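1. Sequence first, then the predicted structure:
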Amino acid sequence: MLPKKSAERIAIITGDPSLPDPTKQDQRYSAEDLAVHAAMRDAFASLDRFEFTVIEQHAGMFDKLREFAPDLVVNFCDTGLFNNPNFEIHVATQLEMMRLPYTGAPPRAMTLCYDKQIVRLLAEALGVDVPMERFVPAASVRDAHVPVFPALIKPNTADGSVGITKNALVQDKYEARDYLAWLASELPGRDVLIQEYLPGTEYGLGIIGNPEGEFTPLPMLEVDFSALPDGFAPILSFESKTDPDSPYWTDIRFQPAALPEKTQQELADQCRALFSRLSLRDYGRFDFRTAADGSIKLMEVNPNPAWGNDAKLAIMASLAGWSYATMLEQLVATAWARITREAVERGRRSPVR
């Protein structure tokens, strides 16, 4: 039996504002975070085409989903089950077990992309430029050797720039020693990456679509760090996403990427290959940065990237002429088109009775 032509009854699941969240300042939702949730609800309501419910509380979430019986689950629970980033995969896994169609990355993609070293190795194998990097097991973090300066030091597994502060960019062995000691103390048991620092322009490229159907790279963003005060490293740190009083929040701007069309197309082609190889679905975001020699290198791949009206994906969509509501509608339509294709393929593979 094929799905309906469009999803009409949708359930939207998010992080839980009532619980601690390690990706937030002071591990709790701020007024700004709650405003993002409210803007998302308002945007879906403005479309006036869905019967929808938003499920924020994680206790009993799957019972509520079973009771509502949606055509589609919009999986905006990018904080992980009970706001545990290690449990983000569990949400998708449970939806699979319940046979509920959902938007975004499947468990395989989340597992691959959560490990930044794996992403780098797969990208390199596909011919995508990546920074020089050293992987440091958790047990060796305090005594790690830094092969090149300046260097960027960050956790190998983390979301929301957790573990990346203004001190993550180190210029010598003394700064490196202090930051490695801080990471070992703040995030014990966490493996670490030591990367060559890429001093050039940082870019973001968002995609809504799937390689088997319509695949739409959104206009690329460029990160403008020029207004940061002296002494603030030009990086997107944890403070840039969590602290409204930090210059990282107030002084960083995003603007259309000043890159030749040919270069943007080449990067989009790389993203398409990575999208398929990493098993992403429906949407994703790819972060790049320019090395000293002018080459543009992949920094990270983000499955189920931040969906808020203030997030990079929404800014990219606005450059394409989309309202925030249109972006959400397009995301749902993209997922539904994929689900319909998958149902057709399953029907073709079913034995004739």
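-> It's in.
2. Which neighbouring elements make contact with the longest helix belonging to the chain?
-> Counting residues, the longest helix in the chain under DSSP state H turns out to be helix 324-349. In terms of contacts (3 or more C-beta pairs under 8 Å, 6 or more residues apart in numbering; DSSP states H and E), helix 324-349 is packed against helix 31-47, strand 72-76, strand 202-209, helix 312-319. For every residue, glycine as well, the C-beta is placed using N, CA and C.
3. wait, residue 187 sits on residue 155?
-> Yes. Residue 187 lies in contact with residue 155 (C-beta atoms under 8 Å); the separation is 5.7 Å.
4. roughly how far is the longest helix of the chain from the heart of the chain?
-> Relative to the centre of its chain, helix 324-349 is centred 20 Å away, using C-alpha atoms, centre = their mean, to the nearest Å.
5. buried ones in that helix?
-> 324-332, 334-340 (16 or more other C-beta atoms under 10 Å).
6. Show me where the protein has its strands.
-> 9-14, 51-55, 72-76, 133-136, 151-155, 169-170, 192-196, 202-209, 215-217, 221-224, 253-256, 283-290, 296-303 (DSSP state E).
7. What score does the closest residue to residue 22 other than its chain neighbours have for pLDDT?
-> Among residues not flanking residue 22 along the chain, residue 162 sits closest, at 6.3 Å (C-beta to C-beta, 6 or more residues apart in numbering). For residue 162, the pLDDT comes out at 89.
8. Likewise for residue 68?
-> Model confidence at residue 68, given as pLDDT, is 97.
9. List the contacts of it.
-> 9, 11, 53 (C-beta atoms under 8 Å, 6 or more residues apart in numbering).
10. per-domain residue ranges of this protein.
-> The chain breaks down by automatic domain parsing into domains covering 9-104+323-349, 112-129+198-319, 133-196.
11. Name whatever forms a beta bridge with residue 297.
-> Using DSSP bridges, the bridge partners assigned to residue 297 are residue 289.
12. Kindly report the same for residue 194.
-> Partner residues in beta bridges with residue 194, using DSSP bridges, are residue 134, residue 153.
13. residue contacts, the residue nearest to residue 22?
-> With contact set as C-beta under 8 Å, 6+ apart, residue 162 has these partners: 22, 23, 85, 155, 187, 238.
14. and residue 251, what does it touch?
-> By C-beta under 8 Å, 6+ apart, residue 251 lies in contact with 227, 228, 229.
15. Now render the residues you listed as JSON lines, adding pLDDT and neighbour count.
-> Listed next are the contacts of residue 251 as JSON lines, based on pLDDT from 0 to 100; neighbours: other C-beta atoms under 10 Å:
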{"residue": "227", "pLDDT": "96", "neighbour count": "11"}
{"residue": "228", "pLDDT": "94", "neighbour count": "18"}
{"residue": "229", "pLDDT": "94", "neighbour count": "7"}
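16. Take those and keep only those in helices.
-> Of these, none are assigned to helices by DSSP H.
17. out of those residues, who's nearest residue 309?
-> Comparing the contacts of residue 251 against residue 309 with C-beta to C-beta places residue 227 closest, at 22.3 Å.
18. doesn't residue 252 make contact with that closest one?
-> Yes. Here residue 227 reaches residue 252: they are 7.4 Å apart, a contact under C-beta under 8 Å.
19. on that earlier part again, will you turn the helices and strands packed on helix 324-349 into JSON lines that also has mean neighbour count?
-> Shown next, in JSON lines, are the helices and strands packed on helix 324-349 (neighbours: other C-beta atoms under 10 Å):
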{"stretch": "helix 31-47", "mean neighbour count": "15"}
{"stretch": "strand 72-76", "mean neighbour count": "24"}
{"stretch": "strand 202-209", "mean neighbour count": "23"}
{"stretch": "helix 312-319", "mean neighbour count": "21"}
